[in-house]
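**Q** after the sequence you'll find the predicted model.
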Amino acid sequence: MTYNIRHGVGLDGVLDLKRTARVIKAANADIVILNEVDHGTSRSFGVDQADSLGRLLDLFAVFGRSIDYDGGQYGNALLSRYPIIDFHIIDLSTDSLLEGRSVFLSRIDVKGDTLVIMGTHLGLSPEERWEQVERIIKTLPEQDRLILAGDFNFESDSENYIRLRKNMRDGLAEITAEPRPTFPADTPDRRIDYIFIGDGIEVTEMAEYQHPEIPTASDHLPQILHFR
């Protein structure tokens, strides 16, 4: 599962991390890549949101900083039902004055099988995304059992999407010719959240699930992929 949680603030303007947890729990996902996660910020009342979600969902949790923000930090996170072997953060910040970005690189142990997980949230301008995608491509490990997911802020007709597709597969596009849009959550009209996969990942289905709070819990819809 990949999900931009908007630091737990829904389209109703309410910060409710338990609601975020309910949406994630409904998917019964084993691996969850999260974007827009707060760690000790004032606006989130000093909460370590990755740790809190991990405890609410009974999953291992690690936070990956992108920037210092509001008395704490802000970035991405990984939740996993399986042990997390290691976790590294790679800075993707550009020379622009726009928001700093990062990608995390982690390995998890799935019953003796090592799976590499990368999670990111790319910038808002095409120019900085070009540089960030270039860095990600150079960082991709020589590992077939690889997943790269998150909020990429580009659509599937963009040059940056095409560049990534030359190195990885679009998991959901292998199940359906038209994967559902992910943004904005209440009236989605574009797909900007993706789960890219390496050659060692076999997609088994596109999982659809229902929960009444999905359209309001964040400004993004989650993406779900079943694989082996």
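**A** On my side now, so go ahead.

**Q** the residue nearest in space to the middle of the chain: what's it in contact with?
**A** Central residue of the chain (C-alpha atoms, centre = their mean): residue 150, 3.0 Å from the mean position. Residue 150 is in contact with 2, 4, 33, 35, 76, 103, 119, 120, 121, 122, 193, 194, counting by C-beta atoms under 8 Å, 6 or more residues apart in numbering. Just so you know, the C-beta spots here come from the backbone N, C-alpha and C atoms, and that holds for glycine as well.

**Q** now do the phi/psi pair for it.
**A** Main-chain dihedrals, residue 150, degrees, to the nearest 10: phi 150, psi -160.

**Q** scan this structure for its longest helix.
**A** helix 126-139 (DSSP state H).

**Q** residue 104 looks like it's in a strand, true?
**A** Yes. Counting by DSSP: H, G, I helix; E, B strand; the rest coil, residue 104 is part of a strand.

**Q** before we move on, back to that, gap between the residue nearest to the centre of the chain and residue 68?
**A** 20 Å (C-beta to C-beta, to the nearest Å).

**Q** got the buried residues for the lowest-mean-pLDDT helix or strand in the chain?
**A** Every helix and strand of the chain was ranked by mean pLDDT, DSSP states H and E. The lowest is strand 203-205, at a mean of 86. Residues of strand 203-205 classed as buried by neighbour count (16 or more other C-beta atoms under 10 Å): residue 203.

**Q** please apply the same query to stretch 102-116.
**A** 102, 103, 104, 105, 106, 107, 108, 115, 116.

**Q** let me see the residues that make contact with that stretch.
**A** Residues contacting stretch 102-116 (C-beta under 8 Å, 6+ apart): 30-31, 62, 64-66, 75-76, 78, 80, 82-93, 117-120, 132, 135-136, 139, 141, 143, 145-148, 150, 198.

**Q** still on that earlier bit, leaving out the residues flanking it, which one is nearest to the residue nearest to the centre of the chain?
**A** What sits nearest to residue 150 in space, not counting adjacent residues and going by C-beta to C-beta, 6 or more residues apart in numbering, is residue 120, at 4.4 Å.

**Q** you'd agree the one you found is in a strand?
**A** Yes. Secondary structure assignment places residue 120 in a strand (three-state DSSP).
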